[in-house]
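Predicted model and sequence below, questions to follow.
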Amino acid sequence: MTARPPTLTSRLLHAGFADLTRSASLWSDPALQEALAEPGRADALLAAVGTCADPDLALLQLVRLAEHPDARERLGALLDEGAPPRARTRLLAVLGASSALGDEVVRRPELLDVLAVPDGAALDTDDIDIDIDIDGDGDGDGDGEGEDGGDP
């Protein structure tokens, strides 16, 4: 008797996803599947996303990047076998750690270029300006007060 191949739901469960229905829907997103078209890329990515602090969040952010016209090529390069060895690890660490960080990468896909820099390579930080609005008051300084110094 031949064993049946595992279903997507069982693969997601085994990888550590919490919301299996939503994750299965996200995994099947056409833009993400296009980014994963290279042979072996999907299985490797599923296993890697499962190691994230929040696999569900990382998958959501991956889909958002795959759907973003300015991020598609950069995302494909980070997922490619020829990418710097730890590039995919860095990408998934960012996307699965914080919705604010992931939102910033989706908003500014050029930040993917920073994640693609090989270990030990020089990084030109003059072009990097990260302003994450952690406290939601619109000024990006994290003090909880709006730009005028008052309440948000």
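Ah, there it is.

C-terminal to the longest helix seen in the chain, which secondary structure element comes first?
For the chain, the helix that runs over the most residues, judged by DSSP state H, is helix 55-67. Reading on from helix 55-67 to the C-terminus, the next helix or strand found by DSSP states H and E is helix 72-79.

chain center to stretch 83-101: distance?
6 Å (C-alpha atoms, centre = their mean, to the nearest Å).

So that it lines up with my notes, have the first residue be 15 from now on.
Done: numbering now begins at 15, and the last item shifts to stretch 97-115.

Output it as CSV, restricted to C-alpha atoms.
These are the backbone C-alpha positions of stretch 97-115, laid out as CSV (Å, rounded to 0.1, in the frame of the first residue of the first chain):
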residue,chain,number,x,y,z
ALA,A,97,20.9,34.3,-2.9
PRO,A,98,23.4,35.0,-0.1
PRO,A,99,23.2,32.1,2.3
ARG,A,100,21.5,33.9,5.2
ALA,A,101,19.4,36.3,3.1
ARG,A,102,16.2,34.2,3.4
THR,A,103,16.8,33.7,7.1
ARG,A,104,17.1,37.4,7.7
LEU,A,105,14.0,38.1,5.6
LEU,A,106,11.9,35.6,7.5
ALA,A,107,13.3,36.8,10.9
VAL,A,108,12.1,40.3,10.1
LEU,A,109,8.7,39.3,8.6
GLY,A,110,7.9,36.9,11.5
ALA,A,111,9.1,39.0,14.3
SER,A,112,7.0,42.1,14.1
SER,A,113,4.1,43.4,12.1
ALA,A,114,5.6,46.9,12.2
LEU,A,115,8.8,45.7,10.7
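
so where do the helices sit in the protein?
Assigned by DSSP H, the chain shows helices spanning 22-29, 34-41, 44-49, 55-63, 69-81, 86-93, 101-111, 113-121, 126-129.

outside of the shortest one, which residues touch it?
With contacts defined as C-beta atoms under 8 Å, 6 or more residues apart in numbering, helix 126-129 is touched by 79, 85, 88-89, 92, 101, 104-105, 108, 119, 137, 142. No exception for glycine: its C-beta is placed from N, CA and C like everyone else's.
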